[in-house]
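**Q** need a 3D model of the sequence below.
(one chain, ligands or ions: 1)
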Amino acid sequence: MSAVSIIDAIYRHFLKRYLFARDAERAHRMTLRMLAALPALQAPRDRPELGTKLWGIDFPNPIGLAAGMDKDAVAVHGWVTLGFGFAELGTITPRPQAGNEIPRLWRVPARRALINRLGFPSEGMEAVAPRIERIRKAGILIPLALNFGPNSDTPPEGIAADYTALMERLGPLADFIVINLSSPNTPGLRNWQSPRKMSELFAAIREHTGKLPHPPPVLVKISPDLERNELFRICETALALGVDGIVAGNTTVAREAVGVSSPHPGGLSGRPILIRAREVIRDIYTHTNGKIPIIGVGGIARAEDAWLHIRAGASLVELYTALVYEGPGLVIRMKSGLAGLLRRGGFRSISEAVGIDR
Ligand SMILES: Cc1cc2nc3c(=O)[nH]c(=O)nc-3n(C[C@H](O)[C@H](O)[C@H](O)COP(=O)(O)O)c2cc1C
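**A** Numbering: from 1, shown residues only. As a prediction, this is how the structure comes out:
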């Protein structure tokens with residue numbers, strides 16, 4: 001029995017009940033502390049057919065940790081141990097901030113969902129930078145993405161400067177960058193998805209990445225709540241600007257449309273957003289003719305979910321909410337499921353399957 005399957009059995013038989021009896025945010029903090037305390041175990045080598053290469057970066061497998069789980073980069077070795085092929089850390093803001101008032105995270109167990117209105121609690125870039133530097137020195141085995149967001153008290157005219165400050169401080173430490181324009185919990189942020197604002201922002205960001213000796217790929221993370229014509233305009237803008245990829249997508253503010261009735265405000269994640277996320281992935285892939293790599297996020301809880309996101313057009317996938325419900329063995333189970341799906345479908349690699357259901 002591997003170390004992770006032991007941890008998974010403990011979670012499913014004991015720890016999950018203990019954590020679910022506690023406030024969701026407290027349970028999250030406890031989980032991060034436990035993961036951070038794990039010895040740096042090396043995950044077993046992934047099967048070669050699960051490996052993929054994007055932007056010149058080698059990913060040992062296509063399943064990544066979605067942003068929000070490890071906002072301050074405190075448990076990176078834990079994500080390697082659980083078998084992730086990459087991890088997106090953040091959202092990181094330039095200055096430290098507390099986020100919205102508590103309570104701000106709720107479970108919806110009947111729908112295997114979460115609702116959050118955290119509002120980017122972040123220790124800030126100066127706290128995160130030395131952690132990433134240490135991890136890099138120790139030789140981390142998976143690519144690390146850093147997800148950037150503005151401080152909540154930054155006025156609209158200062159937002160671009162927040163992103164460029166993050167880029168200057170943290171850009172050189174990341175394998176790739178995700179510009180988060182889609183959290184529903186930072187007022188006004190989603191407006192930056194408009195072509196005019198996105199162009200303005202990317203021009204400012206480019207000025208800074210242009211000065212770096214090895215500029216990292218820069219992706220944009222979008223909302224699943226966009227109208228189709230808005231989504232298409234974003235695709236066209238991203239193509240015109242040479243954006244390196246699209247992370248699709250964030251949590252939704254929809255409730256009834258995805259069959260959830262809940263009094264809690266904020267972004268909904270998990271099972272109810274699976275189909276919507278896939279629609280968005282397919283629309284982007286089709287509209288861009290597969291020219292922009294997509295990271296597919298939303299509702300993934302088993303190998304088949306990841307597989308269908310990939311077939312819809314995602315080159316990589318990420319998950320967050322399912323870890324809470326399915327436990328720490330999830331990624332390892334999914335990887336063996338994905339390898340089986342590849343084999344049965346007659347594919348030799350993940351990249352062969354990207355977008356075939358367009
Ligand atoms: C509690 C929580 C906090 C999140 N925080 C962030 C965040 O800081 N930045 C971000 O880009 N996405 C954040 N997300 C969104 C996730 O990265 C992901 O896009 C979304 O949850 C859909 O994936 P899932 O259904 O696998 O959870 C958060 C999600 C949850 C549940």
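
**Q** CA atoms for contacts and neighbours, from now on please.
**A** Noted.

**Q** could you list the buried residues of stretch 13-32?
**A** Leu15, Lys16, Leu19, Phe20, Ala24, Glu25, Ala27, His28, Thr31, Leu32 (16 or more other CA atoms under 10 Å).

**Q** residues from the stretch 1-150 of the chain in reach of the ligand?
**A** Residues of the stretch 1-150 of the chain lying near the ligand by CA under 6 Å from any ligand atom: Ala66, Ala67, Gly68, Gly90, Thr91, Leu114, Asn116, Phe120.

**Q** quick one, what contacts the first one?
**A** For Ala66, the contacting residues are Ala87, Glu88, Leu89, Val297, Glu318, Leu319, Tyr320, taking CA atoms under 8 Å, 6 or more residues apart in numbering as the criterion.

**Q** for Ile63, see how far away the second one is.
**A** What that stands for is Glu88. Distance of Glu88 to Ile63, computed by CA to CA, to the nearest Å: 11 Å.

**Q** the more surrounded of the two?
**A** Each of Glu88 and Ile63 had its neighbours counted (other CA atoms under 10 Å), and the higher figure belongs to Ile63 (29 against 26).

**Q** surely that one touches Leu82?
**A** No. Using CA atoms under 8 Å, Ile63 makes no contact with Leu82, being 10.9 Å away.

**Q** got any residues that touch both of these two?
**A** Residues touching both Ile63 and Leu82 (CA under 8 Å, 6+ apart): Val331.

**Q** which stretches of the stretch 151-300 of the chain form strands?
**A** Applying DSSP state E, counting those that start in this stretch to the stretch 151-300 of the chain gives strands spanning 176-180, 218-222, 245-248, 267-270, 294-297.

**Q** pLDDT score for Gly290?
**A** Each residue has a pLDDT score; the one for Gly290 is 98.

**Q** so what's the residue count around the closest residue to the ligand within the stretch 101-250 of the chain?
**A** The stretch 101-250 of the chain approaches the ligand most closely through Asn250 (3.6 Å), counting by CA to the nearest ligand atom. Burial measure for Asn250: 26 neighbouring residues, criterion other CA under 10 Å.

**Q** show me the contacts for the nearest residue to it once chain neighbours are set aside.
**A** By the measure of CA to CA, 6 or more residues apart in numbering, the closest residue to Asn250 outside its immediate chain neighbours is Ser223, 5.0 Å from it. Contact partners of Ser223, counting by CA under 8 Å, 6+ apart, are Leu181, Ser182, Ser183, Arg190, Ala248, Gly249, Asn250, Thr251, Thr252.

**Q** where in the protein is pLDDT low?
**A** Across the chain, the ranges flagged by pLDDT under 70 are 41-42.

**Q** same thing but 80
**A** Applying pLDDT under 80 to the chain flags residues 1, 39-44.

**Q** phi, psi for Gly329 please.
**A** Dihedral angles phi and psi of Gly329 (degrees, to the nearest 10) take the values phi -90, psi 0.

**Q** let's verify the closest residue to it other than its chain neighbours: helix, strand, or coil?
**A** Leaving aside its chain neighbours, Gly329 sits nearest to Asp8 (5.0 Å; criterion: CA to CA, 6+ apart). Following DSSP: H, G, I helix; E, B strand; the rest coil, we place Asp8 in the helix state.

**Q** count of neighbours near Asp8?
**A** Other residues near Asp8 come to 20 when the count uses other CA under 10 Å.

**Q** once you drop chain neighbours, what's closest to Ala160?
**A** Nearest non-adjacent residue to Ala160, counting by CA to CA, 6+ apart: Leu201, 5.5 Å away.

**Q** neighbours around the one you found, how many?
**A** Neighbour count of Leu201, defined by other CA under 10 Å: 19.

**Q** Ser2 now?
**A** Applying other CA under 10 Å, we find 9 other residues in the vicinity of Ser2.

**Q** all helices for this structure, in order.
**A** 3-10, 16-20, 24-37, 76-81, 125-138, 159-170, 195-209, 228-241, 274-287, 303-312, 321-326, 330-345, 350-353 (DSSP state H).

**Q** export the ones you listed to CSV and tack on distance to Asp153?
**A** As requested, these are arranged in CSV below (distance: least, CA to CA, whole Å):
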stretch, distance to Asp153
helix 3-10, 40
helix 16-20, 33
helix 24-37, 23
helix 76-81, 29
helix 125-138, 16
helix 159-170, 10
helix 195-209, 18
helix 228-241, 26
helix 274-287, 30
helix 303-312, 36
helix 321-326, 28
helix 330-345, 37
helix 350-353, 42
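
**Q** how about the ones you listed, which one is nearest Asn147?
**A** Asn147 lies closest, by CA to CA, to one member of these: helix 159-170, at 9.5 Å.

**Q** name the residues of that closest one that are buried.
**A** Ile159, Ala160, Ala161, Asp162, Tyr163, Thr164, Ala165, Leu166, Met167, Leu170.
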